[in-house]
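*Asks:* pasting a predicted model and its sequence here:
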Amino acid sequence: MCLVRYFTAAVKPVEWDRSQHLRQGSYLRALNALPDVSVLRGRFARWKVRRPLVDAPPEGPQTALVWDTNEKGSDVNLATHLLLDGFEGSYDTAVVVSDDSDLLEPVRVVRERLGKHVGVIRARTDRGSDFRGTVDLLIEARAWHFEQAQLPDEVMLPAGSVVSRPSGWR
């Protein structure tokens, strides 16, 4: 048996993309329709922050006011379920799709204290990984991994309706 836990946060409409929450909602409905998949939600926080410009002109502004967003709670939820499911014996091997170094300690505990195997799949390969040497398997995801792991264009929901892939996601 394979259990998939998907950790995310519901996005909110933003001025520059008023339909992103609708696209995400379609995706989450499709995931929820799949057997052995559970979606656990954190939340998004958004605030204005002043940041320095990379190539600021000598005679111009040195900073810009930008929106900063941060997903809150998803990493804690993932760590909690990784540990809880491990303690309950729900898996022998866990695969974490993240490169968040905040997960190093829960992964270490699961491996050393619970004797479980843990693999990490990194989606960001533009920098080194803190997980190197601390997990049983480390995979650096490539574009073709994601291309081969797509849901079908249409997913039938339990009530009989269909969720279609948003056109921009092809």
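*Replies:* Looks like it arrived, so ask away. Here the structure is a predicted model, which is why all the values come from computation and not from measurement.
*Asks:* regarding the residue of the chain most remote from its centre, what is its secondary structure?
*Replies:* When distances are taken from the C-alpha mean of the chain, residue 59 lies farthest, 40.8 Å away, according to Cα atoms, centre = their mean. Secondary structure, DSSP: H, G, I helix; E, B strand; the rest coil: residue 59 is coil.
*Asks:* quick check, pLDDT for it.
*Replies:* Predicted confidence (pLDDT) for residue 59: 92.
*Asks:* now swap in residue 165 and tell me
*Replies:* 84.
*Asks:* ok, it to residue 70 distance?
*Replies:* Applying Cβ to Cβ, to the nearest Å, the value for residue 165 to residue 70 is 27 Å. Every C-beta, even on glycine, is put in place using the N, C-alpha and C of the backbone.
*Asks:* and these two? which has more neighbours close in?
*Replies:* Set residue 165 next to residue 70 and count neighbours by other Cβ atoms under 10 Å: residue 165 wins out with 17 against 11.
*Asks:* any idea how far the closest residue to that one other than its chain neighbours is from residue 30?
*Replies:* The spatial neighbour of residue 165 that comes closest, neighbours along the chain excluded (Cβ to Cβ, 6 or more residues apart in numbering), is residue 153 at 4.8 Å. The gap separating residue 153 from residue 30 is 10 Å, by Cβ to Cβ.
*Asks:* let me see the ranges of the strands in the protein.
*Replies:* Along the chain, the segments classed as strands by DSSP state E run 4-10, 37-52, 63-72, 93-97, 117-122, 137-140, 154-156, 162-164.
*Asks:* and the residue nearest to residue 165, how many neighbours does it have?
*Replies:* Neighbours around residue 153, by other Cβ under 10 Å: 11.
*Asks:* what do you get for the one 4 residues further on?
*Replies:* For residue 157, the count of nearby residues is 12 (other Cβ under 10 Å).
*Asks:* which non-adjacent residue is nearest it?
*Replies:* residue 33 (4.8 Å).
*Asks:* neighbours of the one you found, how many?
*Replies:* 17.
*Asks:* pLDDT at it, what is it?
*Replies:* Per the predicted model, pLDDT is 88 at residue 33.
*Asks:* quick one, domains of this structure?
*Replies:* For the chain, automatic domain parsing gives the domain ranges 1-54, 73-149.
*Asks:* residues touching residue 30, list them.
*Replies:* 151, 155, 157, 163 (Cβ atoms under 8 Å, 6 or more residues apart in numbering).
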